[in-house]
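Enquirer: Give me a 3D structure for the following:
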Amino acid sequence: MKVLLAEKPGKLRIVEMEKPAPGPREVVAKVLHCGICGTDVSIADGTLNLGKGNEPIYPVRIGHEWSGQVVELGSETKRLKVGDRIISDTGYSCGECEYCMHGEFGSCIEGRAIGTIGNCWPGAFAEYMLIPERLAFRLPDNVPSDVAALVEPAGVGFYGLTKTPVGPGTNLLVVGTGPISLGGMACAKGIGVGKTILAGRKDAKLAIGKMLGADILVNIDKENLYDVVMRETNGRGMDVVMDSTGAAELLNLSVSLTRASGWIVLPGFYERHIDDFAIDNIIVRNCTLIGGAGTPDMQRRILDMLTNGHIDLRPMITDRYPFERVLEAFKAVKEKNETRVKILVDF
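Expert: Prediction:
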């Protein structure tokens, strides 16, 4: 089978690998779609820097935002059948260690990221994907396979928000117009969050945010975000602020826009130590700072919202490439930065 492999920093190419065979409790799926994540690009370029112990181990078979169709079953599988369309968790977990037994699958002692850092599980930029059955989620019949590939980035943003009291009556500021921001915001609107302000620098991406449910759009290169927030909240600030930009210069601004006893969600990687972070502004006002890199059980919740029509993530798909042009697709992530939200690779 053909596989996209980051052989070493700066060297990305399609290679041939043996098609996987399922173990007793595993399934093999034909990959249908896979989205390109910023982390994939950083691994390919050799620029990913998440700190000691979180380095990619080359060669890396990248890809973790995927959907597929089951073609082979292990001898002890019970839940899935050949022909089922699936997505998966974005990390392997053993299901048996003390953390897994408490539902903390992201902290699994035997945990492996899928297609990213460390001794990762082979990723989904491949014609076929092997995955344990218990980590696979069957797609409802009315959820398209391409839209399902967006569940992972949406889940990253939504997971951080679920660690806040976000819901009806809560106002929300989302800083950034990437897929984590937009997908997480769409899910928040799906559960009935109140007034939502979306801030960014790209008008085309802000317009997509409007389609996903944003009430107020702010281009921070043209308007003063602080003034807008204070006007819309009568000087109080936002209940919840999600900043997924990973831009250090915006972090203090995001904190200042949060009301006293509010919540700041950070699902975007900064990949650096941050100087001059006004942490006392969080402490003195009793705010809660939340990191949200994981997606435990987000897949099922988001699939439920999709199948019941509470959200529609399709506007996030801005570009598509066939797998034969995947190298071109990776270049397009940078070349189309003004308009690109999610580039999808179709198999």
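
Enquirer: Where do the domain boundaries of the protein fall?
Expert: What automatic domain parsing lists as the domains of the chain is 2-150+313-346, 154-291.

Enquirer: and the first one, how far from the chain's centre?
Expert: The one in question is domain 2-150+313-346. How far domain 2-150+313-346 lies from its chain's middle: 12 Å, per C-alpha atoms, centre = their mean, to the nearest Å.

Enquirer: What is the end-to-end distance of it?
Expert: One end of domain 2-150+313-346 to the other measures 13 Å (C-alpha to C-alpha, to the nearest Å).

Enquirer: which residues touch the residue most central in space within the chain?
Expert: In the chain, the residue lying closest to the centroid (C-alpha atoms, centre = their mean) is residue 153, at 2.0 Å. By C-beta atoms under 8 Å, 6 or more residues apart in numbering, residue 153 lies in contact with 35, 37, 65, 178-180, 183, 316, 342. (Glycine included, C-beta is placed from N, CA and C.)

Enquirer: try 7 Å
Expert: Applying C-beta atoms under 7 Å, 6 or more residues apart in numbering to residue 153 gives the contacts 35, 37, 65, 179-180, 183, 342.

Enquirer: Once you drop chain neighbours, what's closest to it?
Expert: residue 179 (3.9 Å; C-beta to C-beta, 6 or more residues apart in numbering).

Enquirer: For burial, what's the neighbour tally of that neighbour?
Expert: Residue 179 is flanked by 30 other residues according to other C-beta atoms under 10 Å.

Enquirer: That one contacts residue 344, doesn't it?
Expert: No: judged on C-beta atoms under 7 Å, residue 179 makes no contact with residue 344 at a distance of 10.6 Å.

Enquirer: related to what we said a few turns ago, what about the residue nearest to the centre of the chain, distance to residue 198?
Expert: 16 Å (C-beta to C-beta, to the nearest Å).

Enquirer: cool, and residue 304?
Expert: 24 Å.

Enquirer: more crowded one of these two?
Expert: residue 198 (25 against 14).

Enquirer: So what does that one look like in phi/psi?
Expert: phi -110, psi 130 (degrees, to the nearest 10).

Enquirer: quick one: pLDDT of it?
Expert: Residue 198 carries a pLDDT value of 98.

Enquirer: Now do the same contact list for it.
Expert: 174, 177, 185, 206, 209, 214, 217.

Enquirer: okay, those in TSV with secondary structure next?
Expert: Formatted as TSV, the contacts of residue 198 follow (DSSP: H, G, I helix; E, B strand; the rest coil):
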residue	secondary structure
174	strand
177	coil
185	helix
206	helix
209	helix
214	coil
217	strand
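
Enquirer: quick one: which of those residues is nearest residue 241?
Expert: residue 174 (8.0 Å; C-beta to C-beta).

Enquirer: so of the contacts of residue 153, which ones are in strands?
Expert: Among those, the residues falling in strands (DSSP state E) are 35, 65, 342.

Enquirer: quick one: the last one from residue 257, how far?
Expert: Okay, so that is residue 342. Relative to residue 257, and taking C-beta to C-beta, residue 342 is found at 26 Å.

Enquirer: And for residue 306?
Expert: 30 Å.

Enquirer: Residue 172 too?
Expert: For residue 172, the distance to residue 257 (C-beta to C-beta) stands at 11 Å.

Enquirer: the more surrounded of those two?
Expert: Set residue 172 next to residue 257 and count neighbours by other C-beta under 10 Å: residue 172 wins out with 27 against 24.

Enquirer: Could you check how many residues crowd around residue 101?
Expert: 9.

Enquirer: Next, give phi and psi for it.
Expert: phi -60, psi -20.

Enquirer: can you check residue 259 too?
Expert: phi -70, psi 160.

Enquirer: can you list the residues that contact whichever strand or helix holds residue 231?
Expert: Using DSSP states H and E, residue 231 sits within helix 225-232. Outside helix 225-232, the residues that touch it by C-beta under 7 Å, 6+ apart are 173, 195, 197, 199, 216, 218, 237-238, 253, 256-257.
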